[in-house]
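[1] I would like the atomic coordinates for the input below:
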Amino acid sequence: MIFSGIQALAGASMEKIALRFEREILSYGALVHEVDQVVAHLVNAGVSVDTPVGVYCENSSATMILYYAVAKIGGTFVPLNAVLTAAEASYIIDHAQIKHLFVDQVLASAAREAVGGRGCQIFDTGSFVRGAQGAKPANTFEGRNADFLIVYTSGSTGVPKAVRYTQDAEFAGNRSLIELWSITPEDKVLVSLPLGFLYGLSTAASMAFQAGAEVILLRKFRPADVLNAIVEHKVTVFHGVPTMFSMMLEYAEQNDLKFDLSFMRLFISAGAPLSRELKERFERRFNKKIEDYYALTEVRPVFGRYASRAVELPPGAIGQAAPGVEVKLMTTDGQLAAVEEVGEVWVKAPATTSGYYKAPELTSTSFVDGFFRTGDLGFRDAEGFYYLTGRIKDIIIKGGANIAPAEVEDVICEHPSVLLASVIGIPDPKFGELPLAYFVTTPGKEVTAQELLAHCRSKLAEFKVPVNFTQLSEMPLGSTSKIDKKALLELWRQTQNA
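    Numbering: from 1, shown residues only. Next comes the predicted model:
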């Protein structure tokens with residue numbers, strides 16, 4: 001289904017540009033041709049229906065070609081974020097039982113370390129795709145296995161959650177987004193989000209291809225590159241997280257840049273709350289509004305503004321329910337919340353995960369009658385606009401990336417000199433939140449903040465590493481004898497006011 005969508009587009013408009021990446025330009029016809037050749041190469045390498053294929057790379061055209069090739073075979077596409085350490089990648093390789101891992105040169109060393117002695121073949125992504133040229137098409141059909149995507153995201157327990165998606169769900173989610181944002185073949189969509197995230201891979205890139213739009217793909221996000229690409233290609237749609245918009249604004253202000261973006265339709269922000277101050281400053285500088293969008297790795301889309309409707313969102317609203325989305329707001333006593341009453345957001349969306357891989361108990365507790373419990377709190381006004389007020393789950397969101405405090409705490413406590421550790425999120429104007437650590441040493445032992453910083457950097461992706469480590473003589477405890485994180489946050493606030 002995912003592949004046949006672009007195949008149909010190629011049949012209708014063979015020469016229409018599908019993808020620009022660095023110096024490479026692929027039409028829809030050329031994209032389908034390359035996918036067919038890579039399918040044959042994958043089959044020869046032992047990939048078949050249900051085979052998990054890991055991709056541990058920076059953004060490239062080859063990643064998207066592999067995505068569609070795996071879809072056509074009926075395999076399982078497992079993206080690994082390029083910022084993951086070897087230890088973090090190793091967990092995913094083991095958990096997903098990956099036997100075919102595609103990497104680029106930048107991550108080749110980390111990949112070899114991550115694979116270790118496992119029976120997992122490592123392929124250079126670019127070389128593999130180039131080596132497929134001339135391969136005879138394999139006799140395959142577009143498989144429809146149970147798991148097309150397995151995407152890993154931080155969980156509140158510290159163990160990454162493996163979110164499963166079928167091809168049907170991926171296709172339905174894209175279709176809903178196309179309707180929400182009125183995406184057409186005339187659009188040019190700039191993707192600088194990591195393809196290792198569902199936001200970059202599915203919501204931005206796959207959605208755009210399904211609509212027949214032109215995708216301009218960047219290897220990674222840099223403010224200058226993004227702004228140059230927007231102007232050069234007359235981009236109409238750009239997806240980002242608040243931190244990206246903050247960095248673009250900062251770059252434009254520092255260089256006193258002015259832009260004519262009359263061709264731009266949508267700046268879309270998701271992944272973390274967008275502050276009113278940033279939104280207003282960005283809109284003054286670029287003379288374009290930022291559209292809020294809300295979804296989770298487990299359900300998409302959820303809330304946004306319909307591009308076809310000349311209706312502005314009320315101040316503070318995240319949007320209306322997207323096409324095909326059902327929403328319940330549930331109070332703590334299990335009742336439906338009234339208008340303007342805060343409740344937990346429960347969602348049934350076109351793209352809803354089929355569950356967590358190898359975690360049936362977590363799956364059963366996360367769903368009620370087909371509705372996913374988001375852990376976020378919000379309310380609805382009388383006009384059907386939704387507002388988010390907070391979250392139940394213990395997750396820090398830094399620049400749109402989820403950080404599980406428990407995961408970071410476990411790493412800190414692996415240091416032989418640390419007895420206890422607690423990680424909290426502190427507000428930050430650029431990243432939204434930053435992780436900050438408090439620790440208590442083992443009696444008779446000492447450790448410095450710099451030593452803990454180096455320890456964490458050796459085991460965690462950089463975005464998860466706390467920005468500061470503060471030693472305490474003892475941890476504040478709540479009534480249940482658990483560490484009182486609210487007290488730690490208040491302690492941090494006191495130090496800021498001192």
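
[2] For the rest of this, base every contact and every neighbour count on C-alpha atoms.
    OK.

[3] To what extent is Glu280 buried, counted in neighbours?
    14 (other CA atoms under 10 Å).

[4] what's downstream of the helix or strand that contains it, the next helix or strand?
    Per DSSP states H and E: Glu280 is located in helix 276-286. Later in the chain than helix 276-286, the nearest helix or strand by DSSP H and E is strand 290-292.

[5] which secondary structure elements does that next one contact?
    Applying 3 or more CA pairs under 8 Å, 6 or more residues apart in numbering; DSSP states H and E, we find strand 290-292 packed against strand 266-269, helix 276-286.

[6] what's the most buried one of the ones you listed?
    strand 266-269 (a mean of 20; mean count of other CA atoms under 10 Å).

[7] where are the low-confidence patches of the chain?
    137-145, 155-158, 479-481, 498 (pLDDT under 70).

[8] if we can go back for a sec, can I get the helices and strands packed on strand 290-292 in CSV including distance to Phe367?
    Shown next, in CSV, are those (distance: least, CA to CA, whole Å):
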stretch, distance to Phe367
strand 266-269, 27
helix 276-286, 32
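
[9] tell me the secondary structure for Val159?
    When classified by DSSP: H, G, I helix; E, B strand; the rest coil, Val159 comes out as coil.

[10] Can you tell me the element the residue lying closest to it once chain neighbours are set aside falls in?
    Leaving aside its chain neighbours, Val159 sits nearest to Glu407 (6.6 Å; criterion: CA to CA, 6 or more residues apart in numbering). Applying DSSP H and E as the criterion places Glu407 in helix 405-413.

[11] go on, Ala110?
    Going by DSSP H and E, Ala110 is in helix 108-115.

[12] Which strands or helices does the helix or strand following that helix pack on?
    The helix or strand immediately downstream of helix 108-115 is strand 121-124, counting by DSSP H and E. With contacts defined as 3+ CA pairs under 8 Å, 6+ apart, the packing partners of strand 121-124 are strand 100-103, helix 108-115.

[13] Direction included, what does strand 121-124 pair against?
    As defined by DSSP bridges, the strand partners of strand 121-124 come to strand 100-103 (parallel).

[14] Please compute how far the partner strand lies from its chain's middle.
    Distance, stretch centre to chain centre, for strand 100-103: 20 Å (CA atoms, centre = their mean, to the nearest Å).

[15] and what of stretch 430-450?
    On the basis of CA atoms, centre = their mean, stretch 430-450 sits 27 Å off its chain's mean C-alpha point.

[16] Flag every buried residue along it.
    Residues of stretch 430-450 classed as buried by neighbour count (16 or more other CA atoms under 10 Å): Lys430, Phe431, Gly432, Glu433, Leu434, Pro435, Leu436, Ala437, Tyr438, Phe439, Val440, Thr441.

[17] Contacts for the helix or strand Lys328 falls within next, please.
    Using DSSP H and E, Lys328 sits within strand 326-330. Residues from elsewhere that reach strand 326-330, judged by CA atoms under 8 Å, 6 or more residues apart in numbering: 321, 336-337, 342-349, 378-379.

[18] give me that answer again for 7 Å
    Leu336, Ala337, Gly343, Glu344, Val345, Trp346, Val347, Lys348, Ala349, Phe379 (CA atoms under 7 Å, 6 or more residues apart in numbering).

[19] likewise stretch 399-412?
    Contacts for stretch 399-412 (CA under 7 Å, 6+ apart): 154-159, 241-243, 271-272, 395-397, 421-424, 431-432, 452, 456, 464.

[20] Restrict it to CA atoms and write it as PDB.
    The C-alpha trace of stretch 399-412 is given here as PDB (Å, rounded to 0.1, in the frame of the first residue of the first chain):
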ATOM      1  CA  GLY A 399      13.700  20.300  21.600                       C
ATOM      2  CA  GLY A 400      10.900  17.900  20.600                       C
ATOM      3  CA  ALA A 401      12.800  14.800  21.800                       C
ATOM      4  CA  ASN A 402      11.500  12.800  24.700                       C
ATOM      5  CA  ILE A 403      13.800  12.100  27.600                       C
ATOM      6  CA  ALA A 404      12.900   9.500  30.200                       C
ATOM      7  CA  PRO A 405      14.300  10.700  33.600                       C
ATOM      8  CA  ALA A 406      14.400   7.000  34.700                       C
ATOM      9  CA  GLU A 407      16.700   6.100  31.900                       C
ATOM     10  CA  VAL A 408      19.100   8.900  32.800                       C
ATOM     11  CA  GLU A 409      18.900   8.200  36.500                       C
ATOM     12  CA  ASP A 410      19.800   4.500  35.900                       C
ATOM     13  CA  VAL A 411      22.900   5.600  34.000                       C
ATOM     14  CA  ILE A 412      24.000   8.000  36.700                       C
END
